[in-house]
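Trainee: Fold the following, please.
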Amino acid sequence: MQITNNSSLQPEGIRCNITDNGPGFPLEAIEKDYKSKGINLIKSKIGIVESLTHQSIKFEYHNLYSNLNKIIESETIFTFPFITFNYDNESSNH
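Mentor: Just a heads-up that it's a prediction; the model follows:
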């Protein structure tokens, strides 16, 4: 199996595309109500970071298909917002 990770700067943040040429996600995993331990763990970790930064992380995943409708790759995409910090003058002088 080959895994590829590409990152790029986008207006909304840093976009990370992870693809692999394995068997792909099961069709039921693409359903919104699917209860996968791995997906739930990822969403939980994203929730922790979102609560700390007060910003949203976009997370999506899907299969990529050939012309013959055969799964050829799976793709997971994370879009991390640019995190900025606001420093007030008083605290930056210490």
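
Trainee: for this structure, longest strand please?
Mentor: Determined from DSSP state E, the single longest strand within the chain is strand 71-80.

Trainee: contacts for it?
Mentor: Strand 71-80 is touched from outside by 10, 12-25, 57-66, with contacts defined as CB atoms under 8 Å, 6 or more residues apart in numbering. Heads up, the C-betas are built off the backbone N, CA and C, glycines and all.

Trainee: Which residue lies nearest the spatial centre of the chain?
Mentor: Nearest to the geometric centre of the chain sits F78, at 2.2 Å (CA atoms, centre = their mean).

Trainee: show me where this protein has helices.
Mentor: Taking DSSP state H as the test, the helices found in the chain are 27-30, 37-53, 89-92.

Trainee: before we move on, back to that, among the contacts of strand 71-80, which ones are in strands?
Mentor: 10, 13-20, 58-65.

Trainee: Apply the buried test to the residues you listed and list what passes.
Mentor: By neighbour count, with 16 or more other CB atoms under 10 Å, those hold G13, T19, Y61, N63 as buried.

Trainee: who touches I14 in this structure?
Mentor: S7, S8, T79, F80, F82.

Trainee: Which strands border the longest strand of the chain, and is each parallel or antiparallel?
Mentor: Strand 71-80 pairs in its sheet with strand 13-20 (antiparallel), strand 58-65 (antiparallel), by DSSP bridges.

Trainee: what about those strands, which gets the closest to G47?
Mentor: strand 58-65 (10.3 Å; CB to CB).

Trainee: what angle do the closest one and helix 37-53 make?
Mentor: Angle, strand 58-65 to helix 37-53, by axes from the mean of the first three to the mean of the last three CA atoms, to 10 degrees: 150 degrees.
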